[in-house]
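# Pasting a predicted model and its sequence here:
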Amino acid sequence: MMKTIAQRELRNDNAKVIDAVAGGESFIITRNGEPVAELRPVRASRSTFVSREELAALAVAGVRIDRHQFRSDLDQLIDQSL
C-alpha cells in the first residue's frame, strides 16, 4: 500500500522519507493535492538474457518451468496499467 505525501513534506523531511523508501515503503507525491509522482524502492535487477549455452544446459538437465509461477513473475514485472 502506498502512502501519500505532499511535495512540501518531501522537501522538509527528505532524509526520513528516503530512509522509509530504503526500508521498502512507497509514496505518491502530490502537488496541490494532485498526484504527480511515485517514489518507491528500486527492484533488485537480475539478468534477463539467457545465453544459448545456459539454455542448452537447462534443457539437458530437464529443468521444468512452473507455468503458474512464470505467469506470476510476469505479472509482477509488467506494468499492468498499460
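Sure thing, it's come through. Numbers count the residues shown, from 1 in each chain.

# what's the next secondary structure element after the helix or strand of the chain with the lowest mean pLDDT?
Ranking every helix and strand in the chain by mean pLDDT, DSSP states H and E puts helix 52-61 at the bottom, with a mean of 84. Per DSSP states H and E, the first helix or strand lying C-terminal to helix 52-61 is helix 67-77.

# just how off-centre is that following helix within its chain?
Here helix 67-77 is found 14 Å from its chain centre; the criterion is C-alpha atoms, centre = their mean, to the nearest Å.

# mind saving the C-alpha coords of that helix as CSV?
Listed next in CSV are the C-alpha coordinates belonging to helix 67-77 (Å, rounded to 0.1, in the frame of the first residue of the first chain):
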residue,chain,number,x,y,z
ARG,A,67,3.6,-22.1,-15.7
HIS,A,68,1.7,-20.6,-12.7
GLN,A,69,4.9,-19.3,-11.2
PHE,A,70,6.1,-18.0,-14.6
ARG,A,71,2.8,-16.1,-15.0
SER,A,72,3.1,-14.7,-11.5
ASP,A,73,6.6,-13.5,-12.2
LEU,A,74,5.5,-11.8,-15.4
ASP,A,75,2.5,-10.1,-13.7
GLN,A,76,4.9,-8.7,-11.1
LEU,A,77,7.4,-7.3,-13.7
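
# do you know how far residue 51 is from residue 64?
20 Å (C-beta to C-beta, to the nearest Å). C-beta coordinates here come from the backbone N, C-alpha and C atoms, glycine included.
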